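**Student:** Sharing a model that was predicted from the sequence below.
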Amino acid sequence: MSKGAGEALEAITGSDRFEPTNKKTTVAAAAAELSGTVLSTARAKGDICRIYPPDDSPVDELRVTWWTWDTAPDGPPASKYTLFPMGEQAGGATDGAFVSFACRAEGEPASGAAHVTVDVENPDMIHESDGDPKRLKRAYVTVAHSFSLALAKRLRCADDGGLKATSGP
């Protein structure tokens, strides 16, 4: 995870300490699972990891998952999301974010791309956070971008799936 994503996690959870869940919940493990399903099915879903901050955090857990689609995103996301200019589509909310990107092998036509979405969500958010909504949205998108870029690199997507090195404008 990038330094910016670590700072974003601190903005979301109020903590800079996290414990690993286990050795099977990594970007590398997700990439291995994803590479096996991308070619065999049009739609699939899997876990990347869970992030558990210390007990004194206002956030119990964050879930990071991946999805594959048979087409690129073609409409607006749910109204809670603010769009961000990255990948095929990206959106941030006060309780999560997503980044979608196209993954194709070097030299393969764009029509052969797999469309991957990485979601970061706080599944237990019952009430609006006291934090600045714009800052929270940016923080969630930064975390989703970091996982998306790591996954695109691990999958050896051409041009890193069209994702820039940082989530900034």
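**Tutor:** Done, it's in. Residues are numbered from 1 along each chain as shown.

**Student:** rest of the way, CA atoms for contacts and neighbours
**Tutor:** OK.

**Student:** what's the model's confidence in stretch 79-94, averaged?
**Tutor:** Stretch 79-94 shows a mean pLDDT of 93.

**Student:** beta partners of residue 101?
**Tutor:** Bridge pairing for residue 101 (DSSP bridges) gives the partners residue 116.

**Student:** how deep is it tucked in, by neighbour count?
**Tutor:** Here the number of neighbours of residue 101 (other C-alpha atoms under 10 Å) works out to 28.

**Student:** Give me the contact list for stretch 144-157.
**Tutor:** 1-2, 5, 27-28, 30-31, 35, 64, 97-106, 117-120, 160-161, 163-167 (C-alpha atoms under 8 Å, 6 or more residues apart in numbering).

**Student:** so which helix or strand takes in the residue nearest the centre of the chain?
**Tutor:** In the chain, the centroid-proximal residue (C-alpha atoms, centre = their mean) is residue 144; its distance is 2.9 Å. Assigned by DSSP states H and E, residue 144 falls within helix 133-154.

**Student:** Next, work out how far apart the residue nearest to the centre of the chain and residue 69 are.
**Tutor:** Distance, residue 144 to residue 69, by C-alpha to C-alpha, to the nearest Å: 17 Å.

**Student:** Equivalent analysis for residue 122, please.
**Tutor:** Per C-alpha to C-alpha, residue 122 is found 22 Å from residue 69.

**Student:** before we move on, back to that, rounded mean pLDDT for the helix holding residue 144, please.
**Tutor:** On average, helix 133-154 scores 93.
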